[in-house]
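Colleague: Attaching a predicted model along with its sequence, questions to come.
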Amino acid sequence: MNPYATSVMLSSLSIGTLMTFISNHWFLAWMGLEINTLAILPLMTKTHHPRATEAATKYFLVQAAASALILFATLLNLWLTGTWTITQMHAQTPTNLLTIALLIKLGVAPFHLWLPDIMQGLDLTTGLILSTWQKLAPMIIIFQVSHQLNHYLLLTTAVLSILLGGWGGLNQPQLRKMMAYSSIAHLGWMMLVLTFMPNLTMLNLTIYLLMTSSVFFILMKTSSTTINKLTISWLKAPLLSMLLMISMMSLAGLPPMSGFMPKWLIIQEMTKQGMTMPVVTATILSLLSLFFYLRLSYTVSLTTAPNMSNMNMQHKPPMNSYILPMAVTLSTLLLPITPMLASLLI
């Protein structure tokens, strides 16, 4: 794609997200979501591959349906309450419709089926944008109306997301689909605590963005899209392979990585709220996700590809050399500052 066109698309992505961030009016927030959706479509189709075109078409249809449902819910709320303000969602029916629409945009189960197929049709760079930046605008809206949402609906979708996110990635050989199921599982943990402590949801989102970015950066540097390609990454770049294994353990939520911190705080908060059964169920179901993270780490660290004499051992210098060390550091070493972050959330 032309660099000028790419810069315009990325600028439009930023403008759409920022418009949603700063808006207090439902129509402006909806416009920001639409700009955000339309800006990423050319980035999806820049590879000129049938799978990329299919992914862009599916993404447009799903997001357009979710945006139409958001507009319908806000108009219904306007009719019932007489206000366009985002925080004034007092009627139950439009609030439930809005929740479903935002869950569709995020890819939360049971509205998740579009996400793995679309991720598979994208290159790693666009997949990174879809897994990280595209979560921000819907999350900021759902954060603003969190005190008015139906927490039973969110608890159900949260447990389903953790179950299906772990189950879907068990026998998955494609890394992009695996990261899509990882996103679904992590969104389940965010929805679990949203109505009880929204600040903790935003902390979980921030750490998820750091961990996912570090994994995608490493996959881009090693040009790995399947598990089989990871078996030769140790020969090409042993340090990056070790960092990928550490980042995967952080995504799995194992101590002492940063990924353990939000799960620890969510379990603590849900227990205080008397929601012992949902959080115990979510904790047990997260073992499914842990299995495929461990499987991937085993492939990277303990499986050696045949050392062919004609294998190209030259590793191209990465473009994001300065971003990756910071992302990996933040996604693995934040656990010691948990008491400080917990005090800021209260």
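Modeller: Nice, thanks for sending it over.
Colleague: Who are the packing partners of the helix or strand harbouring residue 167?
Modeller: Using DSSP states H and E, residue 167 maps to helix 151-168. Here helix 151-168 touches helix 92-106, helix 175-192, helix 276-302, going by 3 or more CB pairs under 8 Å, 6 or more residues apart in numbering; DSSP states H and E. Backbone N, C-alpha and C define where each C-beta goes, glycine included.
Colleague: Over the next helix or strand after the second one, what's the mean pLDDT, rounded is fine.
Modeller: If I follow you right, that is helix 175-192. Using DSSP H and E, the helix or strand that follows helix 175-192 in sequence is helix 198-222. Helix 198-222 comes out with an average pLDDT of 90.
Colleague: tell me which strands and helices helix 198-222 is in contact with?
Modeller: Applying 3+ CB pairs under 8 Å, 6+ apart, we find helix 198-222 packed against helix 124-131, helix 136-144, helix 175-192, helix 238-252, helix 260-272, helix 323-332, helix 338-345.
Colleague: Residue 290 versus the residue nearest to residue 66 when sequence neighbours are not counted, what's the distance?
Modeller: Nearest residue to residue 66 in three dimensions, chain neighbours excluded: residue 104, at 4.1 Å (CB to CB, 6 or more residues apart in numbering). As judged by CB to CB, to the nearest Å, residue 104 and residue 290 stand 27 Å apart.
Colleague: pLDDT score for residue 310?
Modeller: At residue 310, pLDDT is 45.
Colleague: scratch that, residue 44 is what I was asking about
Modeller: 91.
Colleague: isn't it right up against residue 119?
Modeller: No - assessed by CB atoms under 8 Å, residue 44 is found out of contact with residue 119, at 10.5 Å.
Colleague: Identify the contacts common to the two.
Modeller: Overlap of the contact sets of residue 44 and residue 119 (by CB atoms under 8 Å, 6 or more residues apart in numbering) consists of residue 55.
Colleague: Break this protein into its domains for me.
Modeller: 1-123, 150-304 (automatic domain parsing).
Colleague: now these in a markdown table, with mean neighbour count and distance to residue 332?
Modeller: Shown next, in a markdown table, are these (neighbours: other CB atoms under 10 Å; distance: least, CB to CB, whole Å):
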| stretch | mean neighbour count | distance to residue 332 |
| --- | --- | --- |
| domain 1-123 | 18 | 24 |
| domain 150-304 | 20 | 5 |
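Colleague: Output the ones you listed in TSV, with distance to residue 345 appended to each entry.
Modeller: TSV is the format used below for those (distance: least, CB to CB, whole Å):
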stretch	distance to residue 345
domain 1-123	20
domain 150-304	4
